[in-house]
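> Sharing a sequence plus its predicted fold:
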Amino acid sequence: MSYQQTNQSTGRYCKPIPNSNIDEDVDDTSVFGPTPRGQPPYDLSVVDVDMCVSTNKPNHLTSSYYTDLLVVRRGQQWVMRVTFSRPLNRDDNIQVEFLIGRDPSASKGSMVTVTFSYNDKWFGEILEQHDTVVTLGITPSADAIVGKYRTYVKVVSGHSTVRSEKNPSTDLYLLFNAWCPGAHRPLLEELPPLPGKFPHSHVCLYADDVVFLPNDAERGEYVLNDNGVIYMGAADNVSQRAWMYGQFEQGILDACIYIMDSAKMPIWDRNKVLKVIRVGSAMVNAQDDNGVLVGNWSDDYSMGTAPMAWTGSVKILLQYFSTGVPVCFAQCWVFAGVFNTFLRCLGIPARVITNFNSAHDNTGNLKTDLIFKPDGTPDRAETRDSIWNYHCWNEVFMKRTDLGQGFEGWQVVDSTPQETSDGYFRCGPASIAAIKSGSVSHPFDTGFVFAEVNSDLVYHKKDKYGNLTPYSVDTTHIGKCIYTKSVGGTQPVDITLNYKNPEGSPEDMRAMERAESYGIQRDHSDLSEQPVNVVIHSNEVYLGYNIELDIEFHNPGGLEKMVNALLSGSVVYYTGVISNDLKEIKFTATVAGNSMEHVRLTVKADDYMPFLGSQLSLRFILSIESEDQSVSTMKVVNLKTKDLSLRLSGDAVIHRDMFVTLSFTNPYPFALHNIFLFMEGSGVIDIKSSFYRYAASTPPPLHPFTTPSPFTPSPSTHPHPSPPPPAPHSPLQTLPNPSHPSNPSPPFNPHIPSPHPFIPSPLHPSPFTPSPFLHPSPFTHTHPSPLSTPHPPPLHPSPFTPHPFTLTSTLTPPSPFTPSPFTPSPLHPSRTPSPLPFTPSPLHPPLHPSSINVGATVSWKEHFQPRLAGLRGIVAVMHSSNLYMHGYVILNIKD
């Protein structure tokens, strides 16, 4: 310390705030002070301390944590055995000390002394004594500091004090306890019987932990389950991907404590779950505090790993823990998945939520404003608000002692950096009860989350003078549906009604009025009734195939209406931000009075494939003009990808090796190059990777795509009806394979790619670049390019009759399509294929150059313990260029 620092601190306490818990080199000598010299030796000393790990972990449901140290939950008793140099007598004074962090303080709760009296905050009792071995019961307080403690046993005699030596094996981790209060299991029944009894008291009052969750099945899901499912896509076309939380894996508990250390969070604040959640919400993103993950919503992931390539949280957290450097890259579901791991690892009940059509309201006025130019096209420069196709956040279960009764339960927390809260990019916890009732003044960030699920979508038209006039309001588009994973299963549960009341109900109106009373302003423009309503429907579309749009006009009036329509298409990020514009189509339609009219439009794959990048969402906005009205509507189409198929050989029996096989056949009308494959299974298989140079495109399948069953969430009173099931697909004619020697020189069929060592594709074009106007090249008749080749029929032909007249459109010449270059990353170090860690499956040998079949042995990890649900999962991600595919298999574990 410099002279200036010393001089400035004179006359006041100037000690650094302890904020590190994971250090291994803490010297406690200064805490205990010097031992008096010249005191007569005391005949009682500590010989050994046994933390009874094998007994305590099962009782605290912490056996799955991959550590040799004791892991217990606060508010619940655990036992330890101490061996002394001689048997205890009534005059002996023994104490147990627990220290956490540097410079521990009894007044701050970071130094706890258990004296086995009724006044201790941590309750201790002597349970049994057998000769020199004493069994102690320790019950930490339900509001104790969470983290890693050091343990000492102290013998006090007069002015003399003897302590056990520092021993890292006696350290323990203390977690939040969702089971407190609960039925505490008797601990001594599993201990060897000790004949001697020492006088002690059985009286112990267990206080509530603020994260207590009453339902046992929910505790098993939201604290103990280290597998999950995250929902994505669009409101009427929901997809899902598995995520390995891995909160029990080796090093993850230390990594979560390190996150709090990196935030410089004071040790004595770590007993407050609200502060732990706020710090975690800020630290999972690296926007302003050197946190865990760097967000990236572009298509350039050259300096890291693409968000779509992650399979779970383990690799991310371990990389951050080992380097202290933010990990690249993440988007909302990655932030939510990693934050969920952090919360569950510390014992906080947590789950991942997906809100479809999620508003990002920059102005806080409960309006999401879309602005259109006088010609009806979107004004991208003026539009500031955005509508995310979906947005993932987390919920935690806790009491809100700062808000009073009625606001406990599930709380929204969000680590995706959107807006600042108290100076940091974070959000929550915001009470869901407060959100539903419109009590937006309650902390934290309740008004922001309220707008995410309740905003009105307002369409404005800008005149030639720049004035904005609202002409249409949609009150049902935002927060269309909100999903989370079901307890003990993989099906979604619709929890929309937890967040808001049915649209237009008296309860909904009261909630909106209450929100406005706190200063939130809504749009109350007096809009004329719309004589013509319009809705856009679409088929379920796989990547690389045409999109069928059905535009439904409804004229409830008695007079015939003629409308001029403009359909604008664009490739959008899932955040609603436009990536590339597609073609515009202008047409007119005549709708008779009291009737409906359908116009069917086809968007060819040629029109969108060159512009996709890694985005799989297309947004279509239809603006119509008639003599007395303007109307706009919006439709997001999420392109589906083929799921990976994983199969297990035999039953999933604990500690019996199995074999998992991944099978993939390229279903797309273009080849795949530089294919990376990742597979991991929490508790059963470490992350594995593999590389393949090429998977050929395939001829049209002998059977059409098997269409998944319509996505149906668990039964709910959700007011928004589910979309109708898709129409049954028509059979495709079986076509010969031109590459087979038994089929010499078949007649040209545009649906069959020619045999060729390199098949051009939208992602990997041939050396001859197709004209931006898609004119046939001179090679088309021998080597058709998918960019100019007609595509197979749509998967689900529309049942609607095409419009009777021809529609004309103008295609804006696109810039030449350039595939994304290969970029090394920690997960993809080079183009050079490394030796495959996967064993080729003898059951599934390669059958076709478009097929990939790999396998891996599933060996149970040493620390593995069966979870309550009995389910495990193995997740796989495959990607080629900017195309990502996912798959997972569930293991139903048997004893």
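Arrived safely, thanks for sending.
> Domain map for the protein?
17-179, 216-345+354-517 (automatic domain parsing).
> Now render those domains as TSV, adding mean pLDDT, distance to Val603 and mean neighbour count.
Placement of C-beta: from N, CA and C, glycine included. Shown next, in TSV, are these (pLDDT from 0 to 100; distance: least, C-beta to C-beta, whole Å; neighbours: other C-beta atoms under 10 Å):
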stretch	mean pLDDT	distance to Val603	mean neighbour count
domain 17-179	90	49	18
domain 216-345+354-517	94	15	21
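> Include distance to Leu639 when you put the ones you listed into CSV, please.
Shown next, in CSV, are the domains of the chain (distance: least, C-beta to C-beta, whole Å):
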stretch, distance to Leu639
domain 17-179, 38
domain 216-345+354-517, 9
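> three-state assignment of Arg619?
strand (DSSP: H, G, I helix; E, B strand; the rest coil).
> Please report how far it lies from Lys166.
Per C-beta to C-beta, to the nearest Å, Arg619 is found 62 Å from Lys166.
> ranges for the strands of the stretch 401-550 of the chain?
Per DSSP state E, counting those that start in this stretch, the stretch 401-550 of the chain carries strands over the ranges 409-414, 420-421, 424-425, 427-431, 456-462, 468-474, 481-485, 492-494, 533-538, 547-555.
> could you dump those strands to CSV with distance to Leu172?
Output for these, formatted as CSV (distance: least, C-beta to C-beta, whole Å):
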stretch, distance to Leu172
strand 409-414, 27
strand 420-421, 33
strand 424-425, 31
strand 427-431, 28
strand 456-462, 53
strand 468-474, 55
strand 481-485, 32
strand 492-494, 36
strand 533-538, 57
strand 547-555, 58
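> closest one to Arg656 among those?
strand 481-485 (27.8 Å; C-beta to C-beta).
> and the closest one, what does it pack onto?
strand 227-234, strand 350-360, strand 492-494, helix 496-499 (3 or more C-beta pairs under 8 Å, 6 or more residues apart in numbering; DSSP states H and E).
> Off-centre distance for the third one?
In this view, strand 492-494 has its centroid 15 Å away from the chain centroid, taken as C-alpha atoms, centre = their mean, to the nearest Å.
> Who are the packing partners of that strand?
strand 481-485.
> So what touches the strand it packs on?
221, 228-231, 235, 238, 351-356, 395, 453, 491-496, 498-499, 713, 718, 720 (C-beta atoms under 8 Å, 6 or more residues apart in numbering).
> For this protein, which helix extends over the most residues?
The single longest helix within the chain, with elements called by DSSP state H, is helix 332-345.
> Put the alpha carbons of that one into CSV.
Extracted as CSV, the C-alpha positions of helix 332-345 are listed here (Å, rounded to 0.1, in the frame of the first residue of the first chain):
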residue,chain,number,x,y,z
CYS,A,332,-31.6,-16.1,-26.2
TRP,A,333,-32.0,-19.8,-25.8
VAL,A,334,-28.3,-20.2,-25.1
PHE,A,335,-28.4,-17.5,-22.4
ALA,A,336,-31.6,-19.1,-20.9
GLY,A,337,-30.0,-22.6,-21.0
VAL,A,338,-26.8,-21.5,-19.2
PHE,A,339,-28.7,-19.4,-16.7
ASN,A,340,-30.9,-22.4,-16.0
THR,A,341,-27.8,-24.4,-15.2
PHE,A,342,-26.5,-21.7,-12.8
LEU,A,343,-29.8,-21.6,-11.0
ARG,A,344,-30.5,-25.3,-10.6
CYS,A,345,-26.8,-26.0,-9.7
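> Just want the angle from it to strand 350-360.
150 degrees (axes from the mean of the first three to the mean of the last three C-alpha atoms, to 10 degrees).
> Tell me which other helices or strands whichever strand or helix holds Ser568 touches.
Assigned by DSSP states H and E, Ser568 falls within strand 561-572. For strand 561-572, the packing partners by 3+ C-beta pairs under 8 Å, 6+ apart come out as strand 547-555, strand 578-591, strand 595-603, helix 605-608, strand 617-626.
> Tell me which of those lies nearest to Asp385.
strand 578-591 (13.3 Å).
> Now do the strands for the stretch 51-200 of the chain: every range, in order, please.
With DSSP E, counting those that start in this stretch as the criterion, the stretch 51-200 of the chain has strands spanning 70-73, 78-84, 93-99, 111-114, 123-130, 133-139, 147-157, 160-163, 172-175.
> Distance to Asn580 for the ones you listed - can I get that in a markdown table?
Converted to a markdown table, those look like this (distance: least, C-beta to C-beta, whole Å):
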| stretch | distance to Asn580 |
| --- | --- |
| strand 70-73 | 50 |
| strand 78-84 | 59 |
| strand 93-99 | 59 |
| strand 111-114 | 60 |
| strand 123-130 | 65 |
| strand 133-139 | 61 |
| strand 147-157 | 49 |
| strand 160-163 | 69 |
| strand 172-175 | 48 |
